[in-house]
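Trainee: Sharing a model that was predicted from the sequence below.
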Amino acid sequence: MGYGGIMRTKTTRIYNSGKKRVRGAIFWILLLCGLLPFLALLPGCLGTASRTMGYKPGIYEGSGRGFRGTIFVSVQVSSADIEDIMITSHEETAYPGAAAMEELLEQILEWGVTDLDCISGATFTSRGFLQAVEEALGKAGGS
């Protein structure tokens, strides 16, 4: 055996470790490809309403369930745009709850839609805030 036997053993070990890596990579690729369609079926953290038609001008109120309680908002709309959103009452913490609502408020006013991702760390507050705005927009005639 001598020197040749050692080399053969090292080569076999190297070859086998390479095969394990390839098998591991194939496993993860198949796992991800198999799970992706199912992940798409899970309910996301997106708002459901976006503006597709005009509004009846005015100020409308809505409410949604946040992490610590109900979130109340007033939304002022013109015939074509969301003009202003006022958070009238909530029981959320200053951070991350109220900060998340302020961030979402700015995004809604900038982009004019409520199809936004939730703020990380404040998922329930984000959902409740978006729900409250969507309820108010529903009263304004938006869909």
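Mentor: Sure, I can see it.
Trainee: Which segments of the chain make up each domain?
Mentor: 1-42, 58-139 (automatic domain parsing).
Trainee: Lowest mean pLDDT across the ones you listed, which one is that?
Mentor: Here the domains of the chain differ in mean pLDDT, and the lowest is domain 1-42 at a mean of 57.
Trainee: Which residue ranges of the chain form strands?
Mentor: Applying DSSP state E to the chain gives strands spanning 58-65, 70-77, 82-89.
Trainee: what helices or strands is the first one leaning on?
Mentor: Going back to what we said before, that points to strand 58-65. strand 70-77, helix 123-139 (3 or more C-beta pairs under 8 Å, 6 or more residues apart in numbering; DSSP states H and E). (C-beta placed from N, C-alpha, C; glycine too.)
Trainee: Buried ones in it, by neighbour count?
Mentor: For strand 58-65, a neighbour-count test (16 or more other C-beta atoms under 10 Å) marks Tyr60, Gly62, Ser63, Gly64 as buried.
Trainee: before we move on, the earlier item: relative to Gln131, which of the strands of the chain is closest?
Mentor: strand 58-65 (3.1 Å; C-beta to C-beta).
Trainee: Can you list the strands that that closest one pairs with?
Mentor: strand 70-77 (antiparallel) (DSSP bridges).
Trainee: Next, the residues that contact the strand it pairs with from outside, please.
Mentor: Identification of contacts with strand 70-77 by C-beta atoms under 8 Å, 6 or more residues apart in numbering yields 55-65, 82-92, 101, 125, 128-129, 131-133, 136-137, 140, 142.
Trainee: The same query, at a cut-off of 7 Å, please.
Mentor: 55, 57-64, 82-90, 128-129, 132-133, 136-137, 140 (C-beta atoms under 7 Å, 6 or more residues apart in numbering).
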